[in-house]
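>>> Got a predicted structure here, sequence first:
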Amino acid sequence: MDHIYLDHAATAPMHEDVWKAMYPVYQEVFGNPSSVHAFGRKARQQLDRARRVLAESIHANEKEIIFTSGGTEADNIALFGTASAVKSRGNHIITTAQEHHAALHTAEQLERQGFDVTYLPVYGDGQISMEDLKQSLREDTILVSVMYVNNETGVIQPVEEIGKLLAEHQAYFHTDAVQAYGLIDINTKELGIDLLTVSSHKINGPKGIGFLYVREGVKVEPLQFGGEQERKRRPGTENVAGAVGFSTAAQIGMEERELRNELYQGYKDLFLSKLEKQGISFEINGDYNRSIASIVNVSFPGTNVETLLTNFDLEGIAASSGSACTAGSVEPSHVLSAMYGEKNECTTNSIRFSFGLFNNKENVEEAADRVAKIIKRLTSL
């Protein structure tokens, strides 16, 4: 039995060209990028080249890119770092009830430190309301953090409208773009984004590296202390091989963006149409027409997450109940609870299917057939 991977939103397989680009760096480029000798300069050249590619991918300046260990660290720097840097301007932060835990738990910690945090509600379509944001915005608001694309539903948030709203306000605008990056053309300048989070392993790059975009002039205090790397905002010897792999994945993603969107949307439509033809009862969580091509969140009435995932795995199907950070947990999805209420059954019977590099038309069809077989068996019981 072939195993079929439908969990690309949790992590994506590394592209062949990525590890091919990284291998010679591991072999030949071992110098410290901060060293002034030839070995260090060689490493610095590789790091600078990678930084330029990543900056160009979001229409930014290379000086605005801070390398991190991934999306979680980038979110932490964005929230803790800015809140600490500009607390003299105010005490109020706005975020949403459906953020990734890397941002949500950081906001909760800021509350414990004395900041006043507003958690915007999320509605049945998976989006926040701009009217709610307008009503929540205050003179002492210093930061608004709203994710670009939700990691469980794939629903795109009104980032452009938020940027316009905050254009004349003191509050910084941060967006976690981990699921958007690579599939959506992101122009940080046009969108009015001050801080933006990206993670490499979501776009077929290596794990353990990401970046935080910090618009020039935005004040951010470091969370760690040591050397003066990353313009004194994130100390520690840089991951040169990871940066090269990350930038290679980003370059491929930019070149193949249209093709990938078309492919993944086709896989998603095909998967759902096969379930329909098999007579499976299901509901899609969030507005399907406002979601990215690679993610769909499906509710199967009369089932539960734990049983579904166990049976999927036994049949060789890799899927998820939502965020990879809560894998194995049977607690209701905080995202779906925010959308529909904690008592709604979809919070405990919904599965996220996400498509990517490991998929093709044949294995998507096969996956749908296996899923349909499992749902029929479980609901008949």
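In hand now; what should we look at? Residues are numbered from 1 along each chain as shown.

>>> Break down the protein into its helices, ranges please.
16-28, 38-57, 71-76, 82-85, 101-112, 130-136, 159-166, 188-191, 240-255, 257-277, 305-314, 334-340, 361-380 (DSSP state H).

>>> looking at these, which is closest to residue 225?
Across those, the minimum distance to residue 225, taken as C-beta to C-beta, is reached by helix 82-85, at 13.1 Å. Every residue, glycine included, has its C-beta placed from N, CA and C.

>>> Who are the packing partners of that closest one?
strand 141-145 (3 or more C-beta pairs under 8 Å, 6 or more residues apart in numbering; DSSP states H and E).

>>> what's the strand it packs on in contact with?
78-79, 82-83, 86-87, 89-96, 99, 103, 107, 133, 137, 162, 166, 169-176 (C-beta atoms under 8 Å, 6 or more residues apart in numbering).

>>> Equivalent analysis for stretch 365-381, please.
2, 4, 6, 270-272, 274-275, 278, 280-282, 300-303, 307-308, 311-312, 315-317.

>>> got a list of contacts for stretch 49-68?
Contacts for stretch 49-68 (C-beta under 8 Å, 6+ apart): 48, 74, 77, 181, 186-190, 196, 198, 209-216, 230-231, 233-234, 238-239, 243-244, 246-247, 250-251, 253-254.

>>> these two touch, right, residue 110 and residue 79?
Yes: with contacts counted by C-beta atoms under 8 Å, residue 110 reaches residue 79, the gap being 6.4 Å.

>>> any residues in contact with both of the two?
In contact with both residue 110 and residue 79: residue 93, using C-beta under 8 Å, 6+ apart.

>>> neighbour-wise, which of those two wins?
residue 79 (30 against 21; other C-beta atoms under 10 Å).

>>> For residue 228, see how far away the more buried one is.
Note on residue 79: its distance to residue 228, by C-beta to C-beta, to the nearest Å, is 23 Å.

>>> do residue 348 as well
Taking C-beta to C-beta, one finds residue 348 at 49 Å from residue 228.

>>> ok, the two, which is more surrounded?
Higher neighbour count among residue 348 and residue 228: residue 348, with 19 against 9, using other C-beta under 10 Å.

>>> residues in contact with that one?
Taking C-beta under 8 Å, 6+ apart, one finds 304, 305, 330, 332, 333 in contact with residue 348.

>>> related to what we said a few turns ago, please identify which of the helices of the chain is closest to residue 355.
Nearest to residue 355, of all these, is helix 257-277, at 4.3 Å by C-beta to C-beta.

>>> What helices and strands are in contact with that closest one?
Helix 257-277 packs on strand 295-299, helix 361-380, going by 3+ C-beta pairs under 8 Å, 6+ apart.

>>> any weak-confidence spans in the stretch 201-350 of the chain?
For the stretch 201-350 of the chain, residues meeting the criterion pLDDT under 70 lie at 322-330.

>>> again, only this time at 90
228, 321-332 (pLDDT under 90).

>>> and residue 285, how far is that from residue 367?
On the measure of C-beta to C-beta, residue 285 and residue 367 end up 19 Å apart.

>>> more neighbours, those two?
Looking at residue 285 and residue 367 with other C-beta under 10 Å, you find the greater number of neighbours at residue 285, namely 30 against 27.

>>> before we move on, the earlier item: out of the contacts of residue 348, which is most surrounded?
residue 333 (26 neighbours).

>>> looking at it, that one is touching residue 345, isn't it?
No: using C-beta under 8 Å, residue 333 makes no contact with residue 345, being 11.7 Å away.

>>> domains in the protein, as residue ranges please.
Taking automatic domain parsing as the reference, the chain has its domains at 4-12+256-380, 16-255.

>>> Could you pull up the residues touching residue 76?
Contacts of residue 76 by C-beta under 8 Å, 6+ apart are 102, 106, 223.

>>> So what's the residue count around the last one?
Looking back up the chat, that one is residue 223. Residue 223, neighbours per other C-beta under 10 Å, totals 14.

>>> quick one: it from residue 138, how far?
Taking C-beta to C-beta, one finds residue 223 at 26 Å from residue 138.

>>> Equivalent analysis for the second one, please.
When C-beta to C-beta is the yardstick, residue 106 and residue 138 sit 20 Å from each other.

>>> Among those two, which residue is more densely surrounded?
residue 106 (24 against 15).

>>> Spatially, what comes nearest to the more buried one if we skip its sequence neighbours?
residue 79 (4.5 Å; C-beta to C-beta, 6 or more residues apart in numbering).
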